[in-house]
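Visitor: Fold the following and give me the result.
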Amino acid sequence: MPLPNSRPFRFGVALHVAATRREWVEKCRKAEAIGFDTIAVIDHLGKLAPFPALMLAAEVTDRVRLGTYVLDASYYTLALLARDIATTDLLIDGRLEVGIGAGRPSGTQEKLAALGLPYPTGAERVDKLEHLVSELRRLLSDPDTHPQPAQRSGPPLLIGGRGDRVLRLAAQQADIIAFTGAASSRYGNVGLPAFAGAEAVAQRVEFARAALGDRISEVEFNHEAPAVMVTGERRAALEQLQRFAPSLSMEERGQVPGFLVGTAEQIADKVRKNRERFGFSYITVLEGGVGGGMDAMAPVIELLRHQ
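Guide: Residues are numbered from 1 along each chain as shown. This is a model prediction of the structure:
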């Protein structure tokens with residue numbers, strides 16, 4: 001299998017907003033028509049529930065794979081999550097990818113308590129993630145577990161995060177490692193975190209590579225692109241991103257892997273360089289991300305298709 005920095009590109013979009021069935025159907029069909037390889041659903045309170053949304057997405061699309069980006073491990077019990085994953089994979093003919101992470105609270109401690117939901121510490125969230133991942137692997141590959149997923153041994157597993165414990169777990173268990181690009185794994189505000197510079201991201205990638213060892217050729221590297229700004233005024237666009245990377249200079253913001261800013265050709269060149277340097281062959285953009293997200297990525301995908 002190819003190393004991460006020589007894998008073909010894959011492009012995903014993380015969707016989460018729809019007021020009606022028709023709106024969701026149209027978004028999913030549009031994402032497939034643009035050329036995205038994966039449609040994923042974000043796991044946030046107040047947004048669409050991931051598994052029902054993926055079921056409808058499967059009904060109205062033909063080619064794209066369907067995933068979660070990413071499930072918050074602290075919300076789930078093992079048996080029920082395994083059942084949801086196996087049932088969804090079975091009923092969408094093996095098109096499922098399961099993204100999961102330690103998560104972070106998507107509400108205040110008081111709000112979550114009122115909903116009967118936990119507000120665990122960071123360490124407690126990673127403990128839960130480690131338990132869920134190891135047991136999901138066991139259950140989904142057990143021939144005595146029912147229902148059985150369509151994909152033997154279960155769907156591909158994406159683990160997203162930044163901290164040492166999560167990246168070690170991903171190196172041991174994941175088919176796809178998703179690098180968040182956040183400046184720290186200790187952030188608590190809802191919304192986009194502060195993003196790290198290229199050198200900090202490179203350090204996290206090298207940590208994961210070392211932990212992977214002989215598994216390096218088996219694992220795909222993903223990163224999130226929170227900003228896709230197709231423009232001829234690159235400097236002005238980078239100025240707008242200062243609030244998402246307040247500690248970085250203009251030049252350093254331009255090097256942040258997930259800040260895709262410039263003409264379509266410039267962005268395509270940066271995506272190629274990201275793959276060469278970091279191994280990021282799988283890029284996920286956000287619905288409503290800075291600059292346009294799904295729509296803005298269309299000309300870039302066209303330039304990079306089959307590369």
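
Visitor: Please, where are all the helices along the stretch 151-300 of the chain?
Guide: In the stretch 151-300 of the chain, the helices defined using DSSP state H, counting those that start in this stretch lie at 164-173, 198-212, 234-240, 250-255, 264-278, 294-304.

Visitor: And those helices: which comes nearest Glu59?
Guide: helix 294-304 (19.7 Å; Cβ to Cβ). Quick note: C-beta positions are derived from backbone N, CA and C, even for glycine.

Visitor: Quick one: residues in contact with the closest one.
Guide: Residues outside helix 294-304 that contact it (Cβ atoms under 8 Å, 6 or more residues apart in numbering): 9, 11, 13, 15, 27, 30-31, 34-36, 225, 228-230, 260, 264-265, 267-268, 271-272, 285, 287, 289.

Visitor: Write the PyMOL selection for whichever of those residues are buried.
Guide: If you want just the buried ones from these in PyMOL, going by 16 or more other Cβ atoms under 10 Å, the selection is:
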select buried, resi 9+11+13+15+27+31+34+35+36+225+228+229+230+260+264+267+268+271+285+287+289
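
Visitor: Among the contacts of helix 294-304, which ones are in strands?
Guide: Counting by DSSP state E, the contacts of helix 294-304 place Phe11, Val13, Leu15, Ala225, Val228, Met229, Val230, Leu260, Val285, Glu287, Gly289 in strands.

Visitor: CSV please, covering these and showing distance to Gly99.
Guide: Output for those, formatted as CSV (distance: Cβ to Cβ, whole Å):
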residue, distance to Gly99
Phe11, 15
Val13, 13
Leu15, 13
Ala225, 15
Val228, 20
Met229, 25
Val230, 26
Leu260, 20
Val285, 14
Glu287, 15
Gly289, 17
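
Visitor: I'd like these written out as TSV, with pLDDT and distance to Val41 added.
Guide: What follows is the ones in strands among the contacts of helix 294-304, written out as TSV (pLDDT from 0 to 100; distance: Cβ to Cβ, whole Å):
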residue	pLDDT	distance to Val41
Phe11	98	16
Val13	97	10
Leu15	93	6
Ala225	94	17
Val228	96	19
Met229	95	24
Val230	96	25
Leu260	97	22
Val285	96	14
Glu287	88	10
Gly289	78	15
